[in-house]
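*Asks:* predicted model and sequence follow; I will ask about them next.
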Amino acid sequence: MSHESPRIAILGAGFAALTAARELRKRSPKALISLLSPSTDFVYLPSLIWIPPGIRKGSDLIIPLAHFLKKYRIEHVRCSVTGLRNGGRSVLTDSGEFENDALVIATGGRFLKGMPGIEHALTLCEGVPAAEAIGKRLREMNSGSVAFGFGTNPKEPSAMRGGPMFELLFGVDTWLRQQGKRERFQLTFFNAAAEPGKRLGDKAVKGLLAEMNRRGVDTQLGHKIKSFSATGVSTEAADIPADLILFMPGLTGPAWAENSGIALSEGGFFPADEFCAVKGTERVFVAGDAGSYPGPDWLPKQAHMADLQAVAVAENLLLALEGKAPEARPRTELICIVDSVDAGILVYRDLKRNWVLPSSRLFHWAKRYFEGHYLREFR
């Protein structure tokens, strides 16, 4: 199938969606590209960690997309997706139905909120309001206990986002020291895994746990989390007192996925093959947190991987429109600077290598530089 002006629908307005849109436009000047999302703003999620300590304001990280959409001639449809029909050729939304010749699913995932008492925890990566709420709570406290942790999806253990919680922990510790009140606080890190952060590699786990020890952070590891309450976290081994609980639940696919007519992965995601094509469909692709991908168990749910997947999706989608077989496989790579407000630890992992570079002020500034470099495209 080959159209002079194929209609390509992209669902979402995050890293994967915008990278796919840009790459598709570069490769296909005549395609009719539509971005379907509830908002015309892009939120730069990796820097949410800097809102609680006051390095960034929420408004610094919310980027209007008008310039980007105009530059790449992309139509924006303000709507929320409610499902798919006809194998993905029709997108159902709260603003009507939209037909396409090829579809990119890039709406991200959502957090599993089934744990008893989860309403007592704040989740950083829910966005700017959550990050601001964490900062407000910390400023209101003069002493007390703060518990930090993250969970997973039991049906898809790799569906987790732990990196930002290590950053939040180290960042809060640094900030409390800068404020001269660290000795009045008890910080505890809890995780059901005995070796949290395993996806970053064994060296990284040892380094992160050593850093917690160096900073005087208590740990409760290897015990299943049972519930949260106004006074703390309950695990199978102990109750952790906490005036403030900062927790990142495991991820599952978007809520509308169940109304897509597509057989989802066990964890609730769109199942992708090695080319990021959604299994059992034609010309439907997925990039970012909405998908379940083949690869090692450490394959990260992070913005960098979403971008790599989106580049492969753009190439394969245009090949599919020409009736050709896919060729592009996203590089399997994890790059992470675990920031601590004034320094950072660099972690790198691919199929052959895994290295960790110790904490340095240079890496904090590298992370700041990359933020500016990445956002230049949208400003």
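*Replies:* Looks like it came in fine.
*Asks:* I'd say A328 and Q309 touch.
*Replies:* No - using C-beta atoms under 8 Å, A328 is not in contact with Q309, being 9.8 Å away. Every residue, glycine included, has its C-beta placed from N, CA and C.
*Asks:* who has more neighbours, these two?
*Replies:* Q309 (29 against 18; other C-beta atoms under 10 Å).
*Asks:* excluding sequence neighbours, find me the nearest residue to the more buried one.
*Replies:* A287 (3.9 Å; C-beta to C-beta, 6 or more residues apart in numbering).
*Asks:* repeat for G295
*Replies:* Excluding the flanking residues, the one nearest G295 by C-beta to C-beta, 6+ apart is T332, at 5.4 Å.
*Asks:* same check, this time on D307
*Replies:* T19 (4.7 Å).
*Asks:* and for F98?
*Replies:* Using C-beta to C-beta, 6+ apart, the nearest residue to F98 is V91, at 4.6 Å.
*Asks:* what about the one you found, how many residues close to it?
*Replies:* Counted by other C-beta under 10 Å, the residues lying close to V91 total 26.
*Asks:* next up, the contacts around it.
*Replies:* A9, L11, L36, V81, L84, E97, F98, E99, N100, L103 (C-beta atoms under 8 Å, 6 or more residues apart in numbering).
*Asks:* K203 versus the spatially most central residue of the chain, what's the distance?
*Replies:* When C-alpha atoms, centre = their mean is applied to the chain, the residue found nearest the centroid is Q302 (4.8 Å). According to C-beta to C-beta, to the nearest Å, Q302 and K203 sit 18 Å apart.
*Asks:* the contacts of V91, buried ones only, as a ChimeraX selection?
*Replies:* Selecting only the buried entries of the contacts of V91 in ChimeraX, with 16 or more other C-beta atoms under 10 Å as the criterion:
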select :9,11,36,81,84,98,100,103
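*Asks:* let's have the contacts of V91 in a markdown table, adding secondary structure.
*Replies:* Shown next, in a markdown table, are the contacts of V91 (DSSP: H, G, I helix; E, B strand; the rest coil):
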| residue | secondary structure |
| --- | --- |
| A9 | strand |
| L11 | strand |
| L36 | strand |
| V81 | strand |
| L84 | strand |
| E97 | strand |
| F98 | strand |
| E99 | strand |
| N100 | coil |
| L103 | strand |
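*Asks:* tell me which stretches of the stretch 51-200 of the chain form helices.
*Replies:* 58-61, 66-71, 128-140, 163-178 (DSSP state H, counting those that start in this stretch).
*Asks:* can you give me the end-to-end span of stretch 114-127?
*Replies:* Terminal residues of stretch 114-127 are spaced 19 Å apart (C-alpha to C-alpha, to the nearest Å).
*Asks:* what is the distance between it and the centre of its chain?
*Replies:* How far stretch 114-127 lies from its chain's middle: 15 Å, per C-alpha atoms, centre = their mean, to the nearest Å.
*Asks:* what residues of it count as buried?
*Replies:* Buried residues in stretch 114-127, defined by neighbour count with 16+ other C-beta under 10 Å: M115, I118, H120, A121, L122, T123, L124, C125, E126.
*Asks:* now, among those residues, which is nearest to T174?
*Replies:* Among the buried residues of stretch 114-127, L124 lies closest to T174 (C-beta to C-beta), at 15.8 Å.
*Asks:* correct me, but the closest one touches L48?
*Replies:* Yes - counting by C-beta under 8 Å, L124 touches L48, with 5.5 Å between them.
*Asks:* what do these two both touch?
*Replies:* A130, A131, P164.
*Asks:* which of these has the most neighbours?
*Replies:* Going by other C-beta under 10 Å, A131 tops these with 27 neighbours.
*Asks:* any idea how far that residue lies from F68?
*Replies:* Counting by C-beta to C-beta, the gap from A131 to F68 is 23 Å.
*Asks:* what sits against E23?
*Replies:* Neighbours of E23 in contact, by C-beta under 8 Å, 6+ apart: A310, V311, V313, A314, E315.
*Asks:* which of the shared contacts of L124 and L48 sits closest to G261?
*Replies:* Scanning the shared contacts of L124 and L48 for proximity to G261, where the rule is C-beta to C-beta, the winner is A130, at 32.3 Å.
*Asks:* state the distance from G108 to L32.
*Replies:* From G108 to L32 the distance is 24 Å (C-beta to C-beta).
*Asks:* the two: which is more packed in?
*Replies:* G108 (22 against 16).
*Asks:* what's the closest non-adjacent residue to the more buried one?
*Replies:* Closest residue in space to G108, ignoring its immediate chain neighbours: D289 at 4.5 Å, by C-beta to C-beta, 6+ apart.
*Asks:* beta partners of L346?
*Replies:* Per DSSP bridges, the residues bridged to L346 are I337, L357.
*Asks:* where does K198 land on pLDDT?
*Replies:* At K198, the pLDDT value in this model is 87.
*Asks:* can you pull the contacts of it?
*Replies:* Here K198 is in contact with V205, W298 (C-beta under 8 Å, 6+ apart).
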